[in-house]
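Q: I need the structure of the sequence given here:
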Amino acid sequence: MNFNKDEVIGLLERLSNAKSPSGFEDETVAVVRDFCQGWADVEENSLRDALITPRGMCGNRPRVMLDAHGDEVGGMVKAIHANGTMSLVTLGRWPDGALTGQDVLVRNTRGEWLHGTIGVKPPHFVSEAERAARVAQPLILDVGATSAEEAREGFHLGIGEPVVPATRFTCDRVRGICVGKAFDCRAGVAALLLALRELAGRGDLQVDVVASVSGQEEVGERGVAAAARHFGPRAAFMFEGCPADDTFLPADEVQAALHKGPMFRYFDRCMITNPRYQRFVLGCATKAGLPVQTSVREGGGTDGGPVHLLDIPCVVAGVPCRYIHTAASLVALDDVLHTARVAVEVLSSMTPEVIAGF
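A: Numbering: from 1, shown residues only. Modelled structure (predicted):
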């Protein structure tokens, strides 16, 4: 199957630029709705899950749910200070120091996004005692207000409002490398949408394929359980933007490298992958000549965690992305496309008897 390169880049750009930290997934859902126009129906629940049903699915075959989460790591305004700056809480896990000096967008109470920065005390004002003790400097959320009154009345700022990095998507079309924010899991969302549309046009499937672009994964995989209860699938195929490890591990320990296809994990902190399902998926990829990688992860978790506890067998296809959970990560277009192609091969080969064997 062939995908239009310009369309794929445009889709990934819209998804990456969507400002959707956990709990505020509306912009991601809007991109999903637009992409699905004409061939699928999209519902939305209170957790900001986008629940997608292709119109060609008859409803009397075993149901398989695709899933990718639509949220990203971000922040929320915690307090407004007398000098006009703000403090924030993080939504999801950031590496130490990743936010320092980062330019951000802060939504105000009118729904406008204001450009600001995560400031930190300059070294000129750090005392020798603080430097020797390596005291962590507090993060300062700042859009330029000079008093709490100006922040509230002039900038219309308020607590509880979301914060995201101001990173804008770019793509080197010649080399197929994209740079942007939120590839965890917007790279997975892009692969899901491409695969789902392809599957919706297949008339010979032996399963009904539905999908969720679920909310609040970064704060504890919260939205996907509601999606699974809504659809009641017999099996699930999860997509992720997973951390590539090819820039910081020895070569013989690398398990998620760019340009080598999706990574399927056997183990992480939330799930031991169903070995029979995993074997089936890897066999489908091998038969189709598609590249895949496998891993055993000591940390991390995915939407597979809560879903497999509902007695729904899951596998997780991770699109390798360098430096996730920061303001700028990298992804290879060929990995996004290979992830979509593997999903299509798996779902095209799935039968009621195969599912019963999981």
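
Q: Low-confidence regions, the stretch 51-200 of the chain specifically.
A: Residues of the stretch 51-200 of the chain meeting the criterion pLDDT under 70: 135.

Q: Which stretches in it count as strands?
A: Along the stretch 51-200 of the chain, the stretches classed as strands by DSSP state E, counting those that start in this stretch are 63-69, 74-80, 86-91, 103-107, 113-119, 140-142, 162-165, 170-172, 177-180.

Q: Pick the most deeply packed of the ones you listed.
A: strand 63-69 (a mean of 28; mean count of other CB atoms under 10 Å). No exception for glycine: its C-beta is placed from N, CA and C like everyone else's.

Q: Could I get the full set of strands for the stretch 201-350 of the chain?
A: 208-214, 235-243, 263-267, 293-296, 314-322, 329-332.

Q: Can you lay out those strands as TSV showing mean neighbour count?
A: Output for the strands of the stretch 201-350 of the chain, formatted as TSV (neighbours: other CB atoms under 10 Å):
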stretch	mean neighbour count
strand 208-214	29
strand 235-243	27
strand 263-267	20
strand 293-296	16
strand 314-322	29
strand 329-332	23
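
Q: Out of those, which is closest to residue 355?
A: Nearest of the strands of the stretch 201-350 of the chain to residue 355, taken as CB to CB: strand 235-243 at 5.3 Å.

Q: In the sheet, which strands lie alongside the closest one, parallel or antiparallel?
A: Its sheet considered, strand 235-243 pairs with strand 63-69 (parallel), strand 314-322 (parallel) by DSSP bridges.

Q: middle-most residue in this protein, spatially?
A: With distances taken as CA atoms, centre = their mean, residue 185 lies nearest the centre of the chain, 1.4 Å away.

Q: Can you give me the separation between that one and residue 241?
A: 4 Å (CB to CB, to the nearest Å).

Q: again, but for residue 261
A: 14 Å.

Q: same check, this time on residue 48
A: Taking CB to CB, one finds residue 48 at 18 Å from residue 241.

Q: Please apply the same query to residue 166.
A: From residue 166 to residue 241 the distance is 19 Å (CB to CB).

Q: circling back to that earlier point, want to throw the strands of the stretch 201-350 of the chain into CSV with mean pLDDT and distance to residue 221?
A: Below are the strands of the stretch 201-350 of the chain laid out as CSV (pLDDT from 0 to 100; distance: least, CB to CB, whole Å):
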stretch, mean pLDDT, distance to residue 221
strand 208-214, 98, 8
strand 235-243, 98, 10
strand 263-267, 98, 15
strand 293-296, 98, 19
strand 314-322, 98, 12
strand 329-332, 98, 20
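
Q: Can you add distance to residue 353 and give those strands back as TSV?
A: As requested, the strands of the stretch 201-350 of the chain are exported to TSV (distance: least, CB to CB, whole Å):
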stretch	distance to residue 353
strand 208-214	16
strand 235-243	12
strand 263-267	22
strand 293-296	25
strand 314-322	18
strand 329-332	36
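
Q: before we move on, the earlier item: how about the residue nearest to the centre of the chain, what does it touch?
A: 68, 69, 70, 72, 217, 239, 240, 241 (CB atoms under 8 Å, 6 or more residues apart in numbering).

Q: which one of these sits closest to residue 34?
A: Of the contacts of residue 185, the one sitting nearest to residue 34 (CB to CB) turns out to be residue 70, at 13.5 Å.

Q: What is the neighbour count of that closest one?
A: 30 (other CB atoms under 10 Å).

Q: May I have the predicted confidence score for the nearest residue to it once chain neighbours are set aside?
A: Residue nearest to residue 70 in three dimensions, not counting chain neighbours: residue 28, with 3.7 Å by CB to CB, 6 or more residues apart in numbering. On pLDDT, residue 28 comes in at 98.

Q: what sits against residue 28?
A: 15, 18, 20, 50, 70, 71, 186, 189, 213.

Q: Using the three-state scheme, assign it.
A: helix (DSSP: H, G, I helix; E, B strand; the rest coil).

Q: roughly how far apart are it and residue 350?
A: Counting by CB to CB, the gap from residue 28 to residue 350 is 27 Å.

Q: And for residue 116?
A: Going from residue 116 to residue 350 by CB to CB gives 48 Å.

Q: quick revisit: let's have the strands paired with strand 235-243 in TSV, adding distance to residue 8.
A: Formatted as TSV, those follow (distance: least, CB to CB, whole Å):
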stretch	distance to residue 8
strand 63-69	15
strand 314-322	12
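
Q: Can you tell me which of these is nearest to residue 276?
A: With distances scored as CB to CB, the stretch of the strands paired with strand 235-243 nearest to residue 276 is strand 314-322 (10.3 Å).

Q: Show me how far that closest one is from its chain's centre.
A: Counting by CA atoms, centre = their mean, to the nearest Å, strand 314-322 is centred 10 Å from the centre of its parent chain.

Q: before we move on, what about stretch 36-56?
A: For stretch 36-56, the distance to the chain centre is 18 Å (CA atoms, centre = their mean).

Q: Ok, stretch 86-104 next?
A: 18 Å.

Q: Same question for stretch 10-20.
A: 11 Å.

Q: what does it rub up against?
A: Contacts of stretch 10-20 (CB under 8 Å, 6+ apart): 26-31, 35, 70-72, 105, 107, 113, 162, 164, 168-169, 171, 178, 180-183, 186-187, 189-190, 193-194, 331, 333, 336.
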